[in-house]
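J.: the following comprises the amino acid sequence and a computationally predicted model.
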Amino acid sequence: MKMKKIVIDENHANQRIDKYLKKLLCQAPSQLIYKMLRKKDVKVNGVKVKENYILQNQDVVELFLYEDKFQEYTKPQTIFDLKIEFEVLFEDENILVVGKPAGLLVHEDINEGMNTLANQVLTYLYQKGEYDSQASLGFTPGPVHRLDRNTSGIVIFGKTMRALQDLNEMMKKRHCIEKTYLTICKGYMPSDELIGYMKKDSDQSLARIVSQNTPGALKMHTIVENVKSNQEYSLLKVKLITGRTHQIRIHLSSVHHPIIGDSKYGDFELNKKIKKQYHLNYQFLHAYQIQFVKPIGCLKYLQDYKITCPLPQNLLKIKKQIFNEK
């Protein structure tokens with residue numbers, strides 16, 4: 001059996017060895033990886049390590065694997081030749097911030113396995129010569145948050161392992177990246193701070209408002225700013241303090257100001273009218289702006305940096321019609 005040696009670079013450091021091996025040997029079953037760790041078929045700098053060992057830059061990882069098995073288990077990520085539908089809003093060596101069109105999934109699901117925003121970004125980086133799935137040995141640039149298929153706007157991608165780790169940590173801490181959305185809801189909705197509790201239904205496709213003491217209840221914190229209103233509708237800027245599934249949609253619906261066009265949590269009769277009048281058959285919700293309030297690690301240089309994604313043309317046109325704007 002041949003020993004395979006891999007020298008860890010910055011892009012793969014600061015992560016647990018088991019997580020690294022799962023990405024590197026992406027076609028291998030998890031139990032095989034843990035068996036290799038138990039049986040001393042994995043060594044770092046010549047020493048057996050446990051699964052929670054944190055890899056350091058320049059560590060030498062030795063794997064006792066036949067070459068054909070190594071090739072089979074490390075079959076690289078497929079790069080599809082996809083049409084680029086997103087807009088690049090900001091890019092440097094660490095991160096890529098894009099504007100996602102409505103209708104495009106961020107990640108694959110049971111209905112769509114190829115044409116996703118994540119795969120389009122890999123196509124884009126591959127075409128630029130910045131990503132090669134064979135050379136990357138287990139690291140794949142990826143998004144740090146998601147938007148619903150029909151919500152348009154800003155999605156942040158980490159281009160390096162370190163940037164991805166720092167972005168994920170910032171997302172967990174909540175107050176590091178401020179996210180602002182634009183939406184139009186039913187009726188007059190005053191500026192307000194909303195606190196509520198939600199729970200996902202068992203099939204995960206819907207969520208509902210529950211009381212605070214419901215087992216599994218998750219807190220939602222949403223700040224709403226009324227930008228303008230007429231008798232029928234309000235244009236809102238919404239800031240997320242927590243980031244729950246469908247949070248803005250559920251929260252506004254729960255206070256009787258559902259988002260126009262929202263087929264899951266909206267007003268069925270109003271949606272019919274909106275579809276007929278404005279040809280909108282999905283929710284008017286757009287991830288409009290992010291601000292790096294407390295960036296950490298390798299992204300500290302982004303302190304106070306704001307990135308804005310203007311409303312797409314169809315939503316801008318609807319906004320102008322509803323509020324009689326020139």
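T.: Great, that's in hand. Numbering: from 1, shown residues only.
J.: could you use CA atoms for every contact and neighbour count after this?
T.: Fine.
J.: where does the prediction get shaky in this structure?
T.: Counting by pLDDT under 70, the ranges of the chain that qualify are 1-2, 110-113, 135-137, 203-204.
J.: residue nearest the centroid of it?
T.: In the chain, the residue lying closest to the centroid (Cα atoms, centre = their mean) is residue 145, at 2.0 Å.
J.: could I get the phi/psi values of that one?
T.: As for residue 145, its main-chain torsions (degrees, to the nearest 10) stand at phi -160, psi 170.
J.: which residues does it contact?
T.: Residues in contact with residue 145, defined by Cα atoms under 8 Å, 6 or more residues apart in numbering, are 155-156.
J.: what's the spacing between residue 250 and residue 147?
T.: Separation of residue 250 from residue 147 (Cα to Cα, to the nearest Å) stands at 15 Å.
J.: so for the two, which residue has more residues nearby?
T.: Per other Cα atoms under 10 Å, whichever of residue 250 and residue 147 has more neighbours is residue 250, with 26 against 20.
J.: leaving out sequence neighbours, find the closest residue to the more buried one.
T.: Spatial nearest neighbour of residue 250, chain neighbours left out: residue 265 (6.3 Å); criterion: Cα to Cα, 6 or more residues apart in numbering.
J.: how far away is that neighbour from residue 205?
T.: Distance from residue 265 to residue 205, counting by Cα to Cα: 12 Å.
J.: comparing these two, which residue is more hemmed in?
T.: Counting neighbours by other Cα under 10 Å for residue 265 and for residue 205 shows that residue 265 has the greater number, 21 against 10.
J.: sec struct for the more buried one, please.
T.: The three-state assignment at residue 265 reads coil, by DSSP: H, G, I helix; E, B strand; the rest coil.
J.: right, and it touches residue 257 too?
T.: No - counting by Cα atoms under 8 Å, residue 265 does not reach residue 257; the two are 10.2 Å apart.
J.: follow-up on the earlier one: list the residues that contact the residue nearest to residue 250.
T.: Contacts of residue 265 by Cα under 8 Å, 6+ apart are 249-250, 253, 258-259.
J.: which one (most neighbours) among those?
T.: Greatest neighbour count in these, by other Cα under 10 Å, goes to residue 259: 31 neighbours.
J.: what is it paired to in the beta sheet?
T.: Going by DSSP bridges, residue 259 is paired in beta bridges with residue 185.
J.: what sits against it?
T.: Listed by Cα under 8 Å, 6+ apart, the contact partners of residue 259 are 183-186, 249, 252-253, 265-266, 283-285.
J.: in PyMOL, select just the buried ones from those.
T.: To isolate the buried members of the contacts of residue 259 in PyMOL, using 16 or more other Cα atoms under 10 Å:
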select buried, resi 183+184+185+186+249+252+253+265+266+283+284+285
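J.: which of the contacts of residue 259 sits closest to residue 87?
T.: Nearest to residue 87, judged by Cα to Cα, of the contacts of residue 259 is residue 285 at 17.3 Å.
J.: next one: phi and psi at the nearest residue to that closest one once chain neighbours are set aside?
T.: Once flanking residues are discounted, residue 285 sits nearest to residue 183: 4.7 Å by Cα to Cα, 6+ apart. Dihedral pair for residue 183: phi -150, psi 160, per degrees, to the nearest 10.
J.: I'd assumed residue 239 was in contact with residue 183.
T.: No - between residue 183 and residue 239 there is no contact under Cα under 8 Å: 11.0 Å.
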